[in-house]
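A.B. asks: I'd like to go over a predicted model; first the sequence, then the structure.
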Amino acid sequence: METNRLTREEIFKWCSIPKEELKNHEGLKTKLEIRKDKAMVMTELGNMMADEVIEHNRQGIPTKWVLPAGPTDEYDIFVGRVNKERIDLKNLWIFHMDEFLDWEGRPLPVADTYESLEGTMDACFYGRIDDELNVPQEQRIWPRIDNIDYADELCEKLGGVDTVWAGIGATGLVAFNEAPRSYCYRLSVDEYAQGKTRIVELNDDSIIAMSQRSFGCCLDRIPPKAITLGFKVMLSAKRAVYMVATGTWKQTVCRILLFSEPTVEYPVTIIPKYVPDVVLYTTEETIDHPMSHETKGW
């Protein structure tokens, strides 16, 4: 059963490669695009999103995406172009990655709050698009606890998705597909890749990372559960675009996703095994690594 636990020696080796050598380094699992800063990365990604819809509209075919509720900076560029250039989104289907749940596994109120990813997207994405251009309500697909198989069944009916636009967690999560850490069961890479929409308990390190970034490490502010698309939907994609521009938090996971064989320990590494076109867009700071420089103890 393929699970592929990483070794400390492998991780240290990948982290020690100077950033200038990465793009042409032997053994890359994904393409790599490095930009100066977050603004440049997100501007380019927002334009890529708009260009994909325009091209599919020209061909008369639907556009099918998986989208996160963060990062969101790229949506500023996309929404701006949609409204200015009158880009029709009536044939755009969006599978949203995930949604927080409370400790009892119930949805939280939809609102423009951190705890509501649907409310976040209503505010920063749908709510800023002109009505006559906007994505129809029935094509905004959220994972729901009362119809948990709907997204998977619809994705299969539509023939898969075109592009997964993905933020990545510090330990390799995509949506809330985190490393399984139970002593009582284990999953192979292929089993994980077939994972469907499901309710999950968030790993402690994810709660710590989110609380530190947004709430001064107030752990109680982060909902402890979520409902997430599984990899089965995302791995139906023709392309995956990793959007990683958060600096030191992501320096190690960027090295791992570039070089690691598929492992459930860092789920992001599974995607290149199944998706034919995978690219990491990142910043100079994020792709740099302190272990690629001389370090001292003081």
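C.D. replies: Received it, and whenever you're ready, just let me know what you need. Numbering: from 1, shown residues only.
A.B. asks: point out where the chain drops to low pLDDT.
C.D. replies: 1-3 (pLDDT under 70).
A.B. asks: biggest helix in it, by residue count?
C.D. replies: helix 38-59 (DSSP state H).
A.B. asks: name the residues of that helix that come out as buried.
C.D. replies: Across helix 38-59, burial judged by 16 or more other C-beta atoms under 10 Å covers 38, 41-42, 44-46, 48-50, 52-54, 56-57. For the C-beta atoms, the positions are set from N, CA and C on the backbone; glycine is no exception.
A.B. asks: quick one: contacts of it?
C.D. replies: Identification of contacts with helix 38-59 by C-beta atoms under 8 Å, 6 or more residues apart in numbering yields 33, 35, 62-63, 65, 71, 73-78, 80-82, 85, 87-89, 91-92, 162-163, 165, 241, 243, 245-246, 281-283.
A.B. asks: after that helix, next one along is what?
C.D. replies: strand 63-67 (DSSP states H and E).
A.B. asks: for that following strand, name the packing helices and strands.
C.D. replies: The contact analysis (3 or more C-beta pairs under 8 Å, 6 or more residues apart in numbering; DSSP states H and E) places strand 63-67 against helix 38-59, strand 92-96, strand 163-166.
A.B. asks: how distant is it from the center of its chain?
C.D. replies: 12 Å (C-alpha atoms, centre = their mean, to the nearest Å).
A.B. asks: next one: the next helix or strand after it to chain centre, how far?
C.D. replies: On the C-terminal side of strand 63-67, the closest following helix or strand by DSSP H and E is helix 73-85. Relative to its chain's centre, helix 73-85 lies at 20 Å (C-alpha atoms, centre = their mean).
A.B. asks: what of stretch 235-251?
C.D. replies: In terms of C-alpha atoms, centre = their mean, the centre of stretch 235-251 is set 6 Å apart from its chain centre.
A.B. asks: what's the span of that stretch, first residue to last?
C.D. replies: 24 Å (C-alpha to C-alpha, to the nearest Å).
A.B. asks: buried set for that stretch?
C.D. replies: Within stretch 235-251, judged by 16+ other C-beta under 10 Å, the buried ones are 235-237, 239-246, 250-251.
A.B. asks: next one: stretch 195-208
C.D. replies: Buried residues in stretch 195-208 (16+ other C-beta under 10 Å): Gly195, Lys196, Thr197, Val200, Leu202, Asn203, Ser206, Ile207.
A.B. asks: which residues does it contact?
C.D. replies: 101, 105, 143, 145, 148-152, 169-171, 173, 176-179, 181, 217, 219, 222-233.
A.B. asks: what residues of stretch 101-111 count as buried?
C.D. replies: Counting neighbours by 16+ other C-beta under 10 Å, stretch 101-111 gives Leu101, Pro107, Leu108, Val110 as buried.
A.B. asks: and if you look at stretch 84-96?
C.D. replies: For stretch 84-96, by 16+ other C-beta under 10 Å, it's Ile87, Leu89, Asn91, Leu92, Trp93, Ile94, Phe95, His96.
A.B. asks: tell me how far it lies from the chain's centre.
C.D. replies: Taking mean C-alpha positions (C-alpha atoms, centre = their mean), stretch 84-96 and its chain are 19 Å apart.
A.B. asks: strands along the chain, start to end?
C.D. replies: Under the criterion DSSP state E, strands of the chain are mapped to 31-35, 63-67, 92-96, 98-101, 140-141, 163-166, 198-201, 225-228, 239-244, 277-283.
A.B. asks: export these to JSON lines and tack on distance to Trp298?
C.D. replies: Output for those, formatted as JSON lines (distance: least, C-beta to C-beta, whole Å):
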{"stretch": "strand 31-35", "distance to Trp298": "31"}
{"stretch": "strand 63-67", "distance to Trp298": "45"}
{"stretch": "strand 92-96", "distance to Trp298": "47"}
{"stretch": "strand 98-101", "distance to Trp298": "42"}
{"stretch": "strand 140-141", "distance to Trp298": "53"}
{"stretch": "strand 163-166", "distance to Trp298": "38"}
{"stretch": "strand 198-201", "distance to Trp298": "40"}
{"stretch": "strand 225-228", "distance to Trp298": "41"}
{"stretch": "strand 239-244", "distance to Trp298": "30"}
{"stretch": "strand 277-283", "distance to Trp298": "28"}
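A.B. asks: in TSV, list the buried residues of stretch 84-96 along with distance to Ile11.
C.D. replies: Listed next are the buried residues of stretch 84-96 as TSV, based on distance: C-beta to C-beta, whole Å:
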residue	distance to Ile11
Ile87	42
Leu89	41
Asn91	43
Leu92	39
Trp93	38
Ile94	35
Phe95	32
His96	32
